[in-house]
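Visitor: Structure, please.
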Amino acid sequence: TERTLVTAVFGGEVETMIRYSGTWASAVREPWMWLSLDIRPSEVKDLNDALNHFLQPEKLSMQDDKKASKHVRVTLWPEVLVIHLKRFHFDDQGGQKVNKKIAYPELFPVHAEGSGSKASTSGVMRNYALSSVVLHHGKKLTEGHYTAMVRQESERGDSWVKVDDESTSSVTQDEVLAQQQ
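Guide: You can find the predicted model right below:
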């Protein structure tokens, strides 16, 4: 893959490995620009839980009844981490919004094993700072409105701005961290 300025800043890499009857059957490395994290499982209450869920080994069904599992690990963390929380899921009734509070911190340490706080602190690779949040206001996939809260860095200190179409207004960091839906 050609390395560009965008991939240098936002590009990461995951390795997906399939374990079949006790041996590794395959391993594939794939680039990514953002991580899409499922927030539907009941154990997912915050950003770290969502990342840990993404990295959990997954049991696979095999036709020959042998045991198989899929393992995912992050092999390269980007300079800027973009996380997409899957707020919508699709079923036979169409797209449904997942109305669930997911806490996220101002600082998010990512360890070598790819989890936030569960890995050893000696494996810290990056400490990501929250710089923006995009919010969907509405109950359905087909309707609603998007706003963003963006950190502004300056010599006088950081501040936060809410962007809503053509209007902007100042907000506090506490207001940003409270936007969990």
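Visitor: for this protein, what's the longest helix?
Guide: Assignment by DSSP state H gives helix 47-55 as the longest helix of the chain.
Visitor: on contacts alone, who are the packing partners of that helix?
Guide: Under the contact definition 3 or more C-beta pairs under 8 Å, 6 or more residues apart in numbering; DSSP states H and E, helix 47-55 sits against strand 35-38, strand 68-76, strand 83-86, strand 107-111. All C-beta spots, glycine's among them, are computed from the backbone N, C-alpha and C.
Visitor: And those: which comes nearest His145?
Guide: Smallest distance to His145 across these (C-beta to C-beta): 17.4 Å, for strand 83-86.
Visitor: Might you calculate how far the closest one sits from the centre of the chain?
Guide: Relative to the centre of its chain, strand 83-86 is centred 5 Å away, using C-alpha atoms, centre = their mean, to the nearest Å.
Visitor: Go through that strand and flag the buried ones.
Guide: Across strand 83-86, burial judged by 16 or more other C-beta atoms under 10 Å covers Leu85.
Visitor: Give the pairing partners of the following helix or strand past it; include direction for each.
Guide: Next in sequence after strand 83-86, counting helices and strands by DSSP states H and E, comes strand 88-91. When pairing is defined by DSSP bridges, strand 88-91 lines up against strand 94-97 (antiparallel).
Visitor: May I have the partner strand exported as CSV, CA atoms only?
Guide: This file holds the C-alpha atoms of strand 94-97, laid out as CSV (Å, rounded to 0.1, in the frame of the first residue of the first chain):
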residue,chain,number,x,y,z
GLY,A,94,-34.1,-2.1,8.7
GLY,A,95,-31.6,0.2,10.5
GLN,A,96,-32.1,0.7,14.2
LYS,A,97,-30.3,3.2,16.4
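Visitor: pLDDT-wise, which helix or strand of this protein ranks last?
Guide: The weakest-scoring helix or strand in the chain, judged by mean pLDDT, DSSP states H and E, is strand 94-97 (a mean of 78).
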